[in-house]
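> Coordinates for the following, if possible.
(2 chains)
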Amino acid sequence: MAVSDTVHDAEAGVRGPGALSQYWQQLRRNPLGMLGLVLVVLMVGSAIFADLIVPYDATQVMAGPRLAPPSWEHWMGTDQLGRDVLSRVIMGGRVALVVAVAALGAALSLGLILGLIAGFGPQWLDNGMLLIFDAVRAFPVIIFALAVVTLLGPSLNTVVLVVAITSIPIYARVVRTQTQSLKNNEFILAERAMGAGTGRILGVHILPNVIGPLLILASMDVPLVITLEAGLSFLGMGVRPPTPSWGTILNDGFSYIRNSPWPVVAGGIPIIVTTLGFTFLGEALRDIFDPKLRKDL
Amino acid sequence: MTDDDTALLDVNGLSLDFGSPRGRVHALRDVTVHVPKGRIVGVVGESGCGKSTLAFAIIRLLAANAEVTGGEIIFESRNLLELSEKQMRTLRGLRMSMIFQDPMTALNPVRSIERQMIDIQYRETSSQAGKRRNAVEALARVGIPDPENRLEAYPHHFSGGMRQRICIAMALLVEPALILADEPTTALDATLEVQIIDLLQNLQKDMGCSVMFVSHHLGTVAELCDDVVVMYAGEVVERGTVRDIFNNPGHPYTQALLECDPGRIHEPTRHLPTIPGNVPDLVGLPTGCIFKDRCRHAFDRCHVERPPHHRTGNSHTAACHLREEGVETGT
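Numbers count the residues shown, from 1 in each chain, chains lettered A, B, ... in the order given. I've put the predicted structure just below:
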């Protein structure tokens, strides 16, 4: 969601109106892309309207049967406290989406700015920034997350912070490399010969060239972030109970997997479906937005 | 020079060094070039003689390791070397523009021609529709068929010749007083080269601008230019009108260059003539004449004394000791 929004804004700004409907036509001709779009829309829609569509309160402990198998009353059964698993999965999607949007949005925009500075700025600044990027990248994400959680305590914000900080160097490095190879291009020289200043070159010429690869990276990262959030929550370092997250659903169900596997299945399927959806959509968008890959016109 | 009063661009005694790990490379030494209003001045010389460096020095888009060590560049009675970067930007793309060597890389690959052509008019106040109309007109002027529809295409939809036409259209869109053309036909095949030369000639006639045409191709220079400046190893060795240079070359280098032009060889031969020897190393500068090691007329004086420009005709000068008597008869 966050990804497709940034792209649409950027592209619409650059190419003008009328382009959007053209992109839509191209997306419609790509079956995998359409499947991805449907899955993403379903996931995003259910997350946004979670309050309206959940059959039960996701955190309410009910007097009914515990660890009940799927039935007409509880489509995905109930967990060890008698809570409706379907409601928890839907509310967990909202948590996953919030983390993905907030973390990737922050990482993308900061990474973009830092990467442009490193790529276009003086050599010493580039060297210094690279050192910092590499230092941050050198930490294993989980170890880094453990340290941050110990410092700040487990919460949704901590997960967002960890994901954002560890993702910024990846985006910044991609943007930096792209910027560096672009800035020596003859069309940049030509643009300077036409009187363009640094801001104009960065904004109008380098940004549209950079945004493509960045978009691919970000769209591939959405499932990564969602699984990371689930993973941290599974380890008890993410979202605090009773707030439902796909990770905590998995963790709750994990203990009872021999007798009642449905909570684990119910927590795992949305992760798989969302991952596939964003990956399909991301690849389709990449093909559409990169004019060099376009065959028609 | 006789046409000093109408000169649009006056490069006087320009010297320029590049810093390199081996030491300072003296890329331009005491280069003087005049570009009068409404004329096409050709700059010829072999690869690495400083032709392109001169063009980039004029528009001040040199690499970071370049340093101007002397001289001045007077454009419309202002010394470009003294202008701030901001003042310089107001000249680029308004009073002077540039056409590049390789049209395959001179356009932004991810933006349509329309966006790029409207974009470079950002300093004009007219509406989007007006700018679009200007772009269509400019494309029509350089001979792009069906410009209205082709405007929406991307650079990779065009062939090399078409892209160079688009680059020329963009350079002319702002109606500059001076166009710096840096080997605009080198990357094109011979047929296209003729077309582009014709196009440049007609456009220059229509718009009355001045052109500094950098090329190593003597044929195109003879075809297109009014005046010619011959450069060798970072120095101007001879200058004059096209007629002077091609009919009555004064400098041994120019003479040798003309002898090597396959277009001027009329007898069948298995071996194309070449100028023996190599371009001197520009890190440690030789004393005396820069061309002495390859010159068949070199004598003692050439090794010790650097020849000044001697006048051999009305506006024809050559930097060679052999032409010294020209001064005596001329004055």
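> Buried residues in stretch B:214-234, which are they?
B:214-234 (16 or more other Cβ atoms under 10 Å in any protein chain shown). Yep, even glycine has a C-beta here, placed from its N, CA and C like the rest.
> Ends of that stretch, what's the gap?
One end of stretch B:214-234 to the other measures 14 Å (Cα to Cα, to the nearest Å).
> For the chain, which residue occupies the most central location?
Using chain A here. Centroid-nearest residue in chain A: residue A:222, 2.5 Å away (criterion: Cα atoms, centre = their mean).
> looking at chain B here, not the other one
Central residue of chain B (Cα atoms, centre = their mean): residue B:214, at 2.6 Å.
> Doesn't it lie inside a helix?
No. Counting by DSSP: H, G, I helix; E, B strand; the rest coil, residue B:214 is not found in a helix; it is strand.
> follow-up on the earlier one: where does the residue nearest to the centre of chain A land on pLDDT?
Residue A:222 carries a pLDDT value of 83.
> Mind checking what secondary structure the closest residue to it other than its chain neighbours has?
Nearest residue to residue A:222 in three dimensions, chain neighbours excluded: residue A:278, at 4.2 Å (Cβ to Cβ, 6 or more residues apart in numbering or on different chains). Following three-state DSSP, residue A:278 is assigned to helix.
> neighbours around residue A:278, how many?
Neighbour count of residue A:278, defined by other Cβ atoms under 10 Å in any protein chain shown: 27.
> Now do the same contact list for residue 274.
Just so you know, I chose chain A. For residue A:274, the contact set (Cβ atoms under 8 Å, 6 or more residues apart in numbering or on different chains) comprises A:39-40, A:43, A:93, A:96, A:222-223, A:226.
> my bad, the chain I had in mind was chain B
residue B:260.
> if I've got this straight, it is in a helix?
No. Counting by three-state DSSP, residue B:274 is not part of a helix but coil.
> could you measure it against residue B:260, distance?
6 Å (Cβ to Cβ, to the nearest Å).
> what do you get for residue B:161?
Residue B:161 is 27 Å from residue B:260, where distance means Cβ to Cβ.
> Same drill for these two, tell me which one is more crowded.
Between residue B:161 and residue B:260, residue B:161 has the larger neighbour count (other Cβ under 10 Å), namely 20 against 15.
> State the pLDDT value of the more buried one.
Looking at residue B:161, its pLDDT reads 85.
> and what of the one 4 residues further on?
Per-residue confidence at residue B:165 stands at 88 (pLDDT).
> how near is it to residue B:136?
Residue B:165 is 14 Å from residue B:136, by Cβ to Cβ.
> where along the stretch 151-300 of chain B do the strands fall?
Along the stretch 151-300 of chain B, counting by DSSP state E, counting those that start in this stretch, strands occupy B:178-182, B:210-215, B:227-232, B:235-241.
> I'd like to know which of the ones you listed lies nearest to chain A.
With Cβ to the nearest Cβ, the closest approach to chain A among these belongs to strand B:178-182: 7.8 Å.
> Just want the residue of chain B that's nearest chain A.
Of all residues in chain B, the one sitting closest to chain A is residue B:93 (3.2 Å; Cβ to the nearest Cβ).
> contacting residues around residue B:316?
Shown in contact with residue B:316 (Cβ under 8 Å, 6+ apart): B:238-241, B:244-245, B:248, B:250.
> Quick check, the residue of chain B closest to chain A in contact with residue B:120.
Yes. Contact between residue B:93 and residue B:120 holds when scored by Cβ atoms under 8 Å: they sit 6.5 Å apart.
> ok, what's across the strand from the residue nearest to the centre of chain B?
residue B:43, residue B:182 (DSSP bridges).
> so what's it up against?
Neighbouring residues of residue B:214 by Cβ under 8 Å, 6+ apart: B:42-43, B:51-52, B:54-55, B:180-183.
> Of all pairs in these, which one is the farthest apart?
B:42 and B:52 (13.6 Å; Cβ to Cβ).
> the more surrounded of those two?
Neighbours per residue (other Cβ under 10 Å) separate residue B:42 from residue B:52, with residue B:42 holding more: 26 against 17.
> residue contacts, the more buried one?
Going by Cβ under 8 Å, 6+ apart, residue B:42 touches B:213-215, B:221, B:224-225, B:227-229, B:242.
> lowest-pLDDT helix or strand in chain B?
Within chain B, confidence by mean pLDDT, DSSP states H and E is lowest for helix B:324-330 among all helices and strands, at a mean of 50.
> any chance you could map the helices in the stretch 201-331 of chain B?
Counting by DSSP state H, counting those that start in this stretch, one finds helices in the stretch 201-331 of chain B at the ranges B:218-224, B:242-247, B:252-260, B:300-304, B:324-330.
> where in chain A is pLDDT low?
Counting by pLDDT under 70, chain A shows low-confidence ranges at A:1-20, A:58-64, A:67, A:289-297.
> could you pull out the helices for it?
With DSSP state H, the ranges of helices along chain A come out as A:2-15, A:19-28, A:31-48, A:50-53, A:85-120, A:123-138, A:141-152, A:156-183, A:186-193, A:198-200, A:207-234, A:246-254, A:262-289.
> Could I get the buried residue list for the fourth one?
Of the residues in helix A:50-53, those buried under the neighbour-count criterion (16+ other Cβ under 10 Å) are residue A:50.
> With adjacent residues omitted, what lies nearest to residue A:282?
In this structure, residue A:282 finds its nearest non-sequential neighbour in residue A:219, 2.5 Å apart by Cβ to Cβ, 6+ apart.
> So which bits of the stretch 151-297 of chain A are right by chain B?
Contacts of the stretch 151-297 of chain A with chain B, taken as Cβ under 8 Å from any Cβ of the partner chain, map to A:185-187, A:189-197, A:200, A:204-205, A:208-209, A:212, A:290-292, A:297.
> Got a PyMOL select line for the buried ones in those?
A single PyMOL command selects the buried members of those (16+ other Cβ under 10 Å):
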select buried, chain A and resi 185+186+187+189+190+191+192+193+194+195+196+200+204+205+208+209+212+291
